[in-house]
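> what's the 3D shape of this:
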Amino acid sequence: MTSAEVNQVAGHRHEESAETLIGFYREMALIRAFELRASEMYARARIGGYCHLNLGEEATVVGLMDALQPSDYLFTTYRDHGYALARGMEPGKVMAELFGKTTGVSRGRGGSMHMFDAERRMLGGYGIVGGQIPPAVGAALAISMDGPAGAETEAVMCLMGDGTTNIGSFHESLNLAGVWNLPIVFVIINNRLGMGTPVEAASAEPELYKRGSAYRIPGVRVDGNDVIEVRDAALAALEQARIERRPALIEAMSYRLRGHSVVDPARYRSVDDTAEAKAQDPVPAFRERLIEAGHLDAQAATAIDQEVDLVVDDAVKFAEDSPDPSPDELFDNAYATDVANAPRSLPGERLVVS
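Just a heads-up that it's a prediction; the model follows:
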């Protein structure tokens, strides 16, 4: 599939049922409610460490996750709460992970940046910028060894931010994916600010979907505020990956509404830039779109909003009521298998090795 063909497929809109569209809105509303509450819980010191929110990126999250098959693999950045929810993880377990509780999706050991669920094939949450790209390419390589091209198979989706496209592993990994014809879709979530630096000030080629051309990987740029456009582009790219065993690249223009993390006041953003981001907020825009199309009325939309608020209330209660990890479990799972002479002593205790 050529770059032009990818763009053509991405531009084609499937007719969606009202039920599907309402389902998209419910997912977007849930992510919005969850992230707002996560911000509140961080301010109340119920969540520690780093915390990066998907506020403003809900349409991109839902569109990408709807395109994935259950058998596909997902590697994300540290901005991963919304993806965990849209991939089907229970909100209570996701919130418990943020709280560092044993009932969390990573048993409280990963926190905000390390959501993981092997059953749903979400293989992280990576705290290091670009750290997810080489393992994602490795997973695609493993898939490619299972059968010949032309037979539909699993695929890998690897997410990254715009700032990641300037690090070495991005180029090295795309080169290998291109050389080996791997079934992987790279997705750049471009919120225009690599932490606090505009893309135009950091990248000699600010149209990031073109970055794949050096490795003959077709790219497409989509409106990240349009859940259907994102989903259709992802479907086309994943089909190319599964059937043709060829990589693809998607750049989703998706503007975060807050700072880089919950502790970032985003003073580097101009008043006009902040106003533009709010004006393009995908959640109320999609809500209004469904009402205008007659798929929802204001009362039904409000009922969905209230429903997801209750889900998040329950998630917070579940997290609050869950047990903290026990100190004697500190060294559990440090290694996949037992390692001789591994330390087992807590601080202040006499050294014990196994």
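
> Residue 250 in helix, strand or coil?
strand (DSSP: H, G, I helix; E, B strand; the rest coil).

> who's in contact with it?
Counting by Cβ atoms under 8 Å, 6 or more residues apart in numbering, residue 250 touches 185-188, 209, 219-222, 230, 233-234, 237. The way it works is simple: take the backbone N, C-alpha and C, and place the C-beta from them, glycine included.

> ok, now with 6 Å
187, 220, 233, 237 (Cβ atoms under 6 Å, 6 or more residues apart in numbering).

> what do you get for residue 289?
Residue 289 makes contact with no residue, according to Cβ under 6 Å, 6+ apart.

> pLDDT at it, what is it?
Note on residue 289: pLDDT of 96.

> so residue 95 makes contact with residue 315?
Yes: here residue 95 reaches residue 315: they are 4.1 Å apart, a contact under Cβ atoms under 6 Å.

> Show me which of these two is the more surrounded one.
A count of neighbours by other Cβ atoms under 10 Å puts residue 95 above the other of residue 95 and residue 315, at 30 against 25.

> Packing partners of the one helix or strand the more buried one maps to?
Per DSSP states H and E: residue 95 is located in helix 91-99. Where contact means 3 or more Cβ pairs under 6 Å, 6 or more residues apart in numbering; DSSP states H and E, helix 91-99 is packed against helix 298-321.

> how about a cut-off of 10 Å?
helix 18-43, helix 81-86, helix 298-321 (3 or more Cβ pairs under 10 Å, 6 or more residues apart in numbering; DSSP states H and E).

> which one of those is the most hemmed in?
Compared across the helices and strands packed on helix 91-99, helix 81-86 shows the largest average neighbour count, a mean of 27 (mean count of other Cβ atoms under 10 Å).

> mean confidence score for that helix?
Here the average pLDDT along helix 81-86 is 98.

> same thing with stretch 94-101?
For stretch 94-101, the per-residue pLDDT averages 97.

> Ok, stretch 154-168 next?
95.

> just to revisit the earlier point, mind putting the helices and strands packed on helix 91-99 into TSV with distance to residue 197?
Conversion of the helices and strands packed on helix 91-99 to TSV gives the following (distance: least, Cβ to Cβ, whole Å):
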stretch	distance to residue 197
helix 18-43	23
helix 81-86	23
helix 298-321	33
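
> quick one: which of those helices is nearest residue 246?
helix 81-86 (24.0 Å; Cβ to Cβ).

> Could you tell me how far the closest one lies from the centre of the chain?
How far helix 81-86 lies from its chain's middle: 7 Å, per Cα atoms, centre = their mean, to the nearest Å.

> Just confirm residue 160 is within a strand.
Yes: under three-state DSSP, residue 160 sits within a strand.

> re the thing from before, which residues do residue 95 and residue 315 both contact?
Shared contacts of residue 95 and residue 315, defined by Cβ atoms under 10 Å, 6 or more residues apart in numbering, are found at 34, 37, 38, 85.

> Great, nothing more from me.
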